[in-house]
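**Q** here's a sequence, model it:
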Amino acid sequence: MVKASLIYLFSSLFGKSVPFLLLPLLTSYLSPVEFGLVAIIQLSIQFSQAASGLCLNVNIPKKYFSQTKDERAILIFNLYLILFFSCFIFFGALVILSLSFQDIFGIPERWLLIMPVLAFMAMSNLINLTLIRTREKPFLFMSFEVSQAALNLFLTIYFVVFLNMSWEGRALAIAFSVLVFGIVAVVSLVKQGYLKVLIDTKVVRETLKVSVPLIPHAIAGVIITVSDRLFIEEMIGLKEVGIYSVGYYFGMVVMLFSDAFIKAWSPWFFKKMSRGDSDDKRLIVKYTYVYVIALIVGAMIYSSVAVWLLPFVVTEQYLPAVNYIPWICVGYIAFGIYQIFFPYLVYCEKTQYVAVATVLAACINLIGNYYLIDLYGAVGAAYATIVAFSLSAFIVAWYSKTLVSMPWKL
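**A** Reported below is the predicted structural model:
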């Protein structure tokens, strides 16, 4: 698992650090207002994927080790079938929304209406990556993730610098890379025999049993992640969204490390739990404790380094972002703790408790954003994020301890 974690770490550092790597270029070519608009569009893609993607990919590692290859291929086809209808319904909702409101967080209508297509393709890619990760093929996973990130990076440079397309060049690069790798995912699944056209109502019912309770969880999770910038846009303005987003990109580097570990942890966890061996369970608990301690210490060290590094990366107009970095790092410590306990509830098929935790945290987050931004300015949004992530981490950890019998006292 350690070797796989290191591979996933490299993949995540390159794959998800593209926004961070592009900061010197984007902060030179885009004004804070334009940078803020790009951030809002990125957040809209995340929300669309959460609203219509139904967390369908979580069904793959849960069922993989008890299925034949044909059964996995049928499962994945039915995941795509559910995804298609979900995105179609989401598109209809967006059409109604665009007819009712002229301006939705400043997003141009043409971008709003392609969100369901981007959501479908993003989830298509995620289904493929989840299968690869569950098959314990970290090098193959890395090739997909790094290739998509490289495409995103080069298209951004081409559109923004050479074609001078400003904010829309960055948005087009994001959208095009999502579309390409959504299609690549389907082709890859077909070639490897993991996509068998057969509608299975039993598989659909079982999938929806796991995924439907995760719909509010997914939406609420994205609300916690994106609402800070939406509130800042409405209460302060797009310029401050741009500055805050720069600080957010620095702070969310903490998630790159936690996410890399979780990618290796999830298939290893489900494989060990499927055996039901007491020694395996003790090992799982031991790694859980080590992960939490390493996450806290590592994030605190990184926060100090990031604050020092900021002036060397961005232009002067973005320097106030330094005020947000430490608080975002703290928020992602809490999120990382949440990540390590999430698989326990998927394992025991109690995903409704995950939904309870995340929805409650999202409600607290919305209230917190409104009042804390009013009291403290944009940094109040970071405070609200810390409270929300901490609450969801506490609730999920408590439910995991209660519902899954594990030797927590070692």
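
**Q** the helix or strand hosting Tyr80: which residues count as buried?
**A** Assigned by DSSP states H and E, Tyr80 belongs to helix 69-100. Using 16 or more other C-beta atoms under 10 Å as the test for burial, helix 69-100 gives 72-83, 86-87, 90-91, 94. Every residue, glycine included, has its C-beta placed from N, CA and C.

**Q** likewise stretch 125-145?
**A** Result for stretch 125-145 [16+ other C-beta under 10 Å]: buried residues 125-135, 138, 141-142, 144-145.

**Q** any idea how far that stretch is from the middle of the chain?
**A** 16 Å (C-alpha atoms, centre = their mean, to the nearest Å).

**Q** again with stretch 54-63
**A** The answer for stretch 54-63 is 15 Å, by C-alpha atoms, centre = their mean.

**Q** ok, stretch 190-206 next?
**A** With C-alpha atoms, centre = their mean as the basis, the mean position of stretch 190-206 lies at 25 Å from the chain mean.

**Q** next, the buried residues of that stretch.
**A** Tyr194, Leu195, Lys196, Asp200, Val203, Glu206.

**Q** may I ask which helix or strand encompasses the last one?
**A** Just to be clear, that refers to Glu206. Per DSSP H and E: helix 201-211 holds Glu206.

**Q** what about the next helix-or-strand element following that helix, average pLDDT?
**A** In the C-terminal direction, the helix or strand that comes right after helix 201-211 (DSSP H and E) is helix 214-235. Averaging pLDDT along helix 214-235 yields 80.

**Q** now the most centrally placed residue in the chain, nearest residue through space, not along the chain?
**A** The residue lying closest to the centre of the chain (C-alpha atoms, centre = their mean) is Gln46, at 7.3 Å. In this structure, Gln46 finds its nearest non-sequential neighbour in Val222, 5.3 Å apart by C-beta to C-beta, 6 or more residues apart in numbering.

**Q** report the contact partners of that neighbour.
**A** Residues in contact with Val222 (C-beta atoms under 8 Å, 6 or more residues apart in numbering) are Leu43, Gln46, Phe47, Gln49, Ala50, Ala51.

**Q** quick one: which of those residues is most hemmed in?
**A** Among the contacts of Val222, Gln49 has the most neighbours (other C-beta atoms under 10 Å), with 26 neighbours.

**Q** does it lie in a helix or a strand, and which?
**A** Per DSSP H and E: helix 32-53 holds Gln49.

**Q** list the buried ones in that helix?
**A** So, applying 16+ other C-beta under 10 Å, buried residues of helix 32-53: 32, 34-53.

**Q** looking at it now, give me its mean pLDDT.
**A** 82.

**Q** can you pull out the helices in the stretch 201-350 of the chain?
**A** 201-211, 214-235, 238-251, 253-275, 278-313, 325-347 (DSSP state H, counting those that start in this stretch).

**Q** what's the closest of those to Pro19?
**A** helix 238-251 (5.1 Å; C-beta to C-beta).

**Q** and the angle from the closest one to helix 278-313?
**A** Between helix 238-251 and helix 278-313, the angle comes out at 130 degrees (axes from the mean of the first three to the mean of the last three C-alpha atoms, to 10 degrees).

**Q** which strands and helices sit next to helix 238-251?
**A** helix 18-21, helix 23-29, helix 32-53, helix 214-235, helix 278-313, helix 325-347 (3 or more C-beta pairs under 8 Å, 6 or more residues apart in numbering; DSSP states H and E).

**Q** let's see it at 10 Å
**A** helix 18-21, helix 23-29, helix 32-53, helix 214-235, helix 278-313, helix 325-347, helix 379-403 (3 or more C-beta pairs under 10 Å, 6 or more residues apart in numbering; DSSP states H and E).

**Q** just how off-centre is the last one within its chain?
**A** So the one you mean is helix 379-403. For helix 379-403, the distance to the chain centre is 16 Å (C-alpha atoms, centre = their mean).

**Q** now it: buried residues?
**A** Those would be 379-397, 399-400, for helix 379-403 by 16+ other C-beta under 10 Å.

**Q** which of the buried residues of stretch 190-206 sits closest to Tyr353?
**A** Glu206 (18.7 Å).

**Q** contacts only, for that closest one.
**A** Residues near Glu206 by C-beta atoms under 10 Å, 6 or more residues apart in numbering: Asn59, Lys62, Lys63, Leu75, Asn78, Asp200, Glu349.

**Q** dump those to a markdown table, plus distance to Trp268 and pLDDT.
**A** As requested, the contacts of Glu206 are exported to a markdown table (distance: C-beta to C-beta, whole Å; pLDDT from 0 to 100):
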| residue | distance to Trp268 | pLDDT |
| --- | --- | --- |
| Asn59 | 18 | 86 |
| Lys62 | 14 | 76 |
| Lys63 | 16 | 80 |
| Leu75 | 21 | 91 |
| Asn78 | 26 | 94 |
| Asp200 | 28 | 88 |
| Glu349 | 19 | 71 |
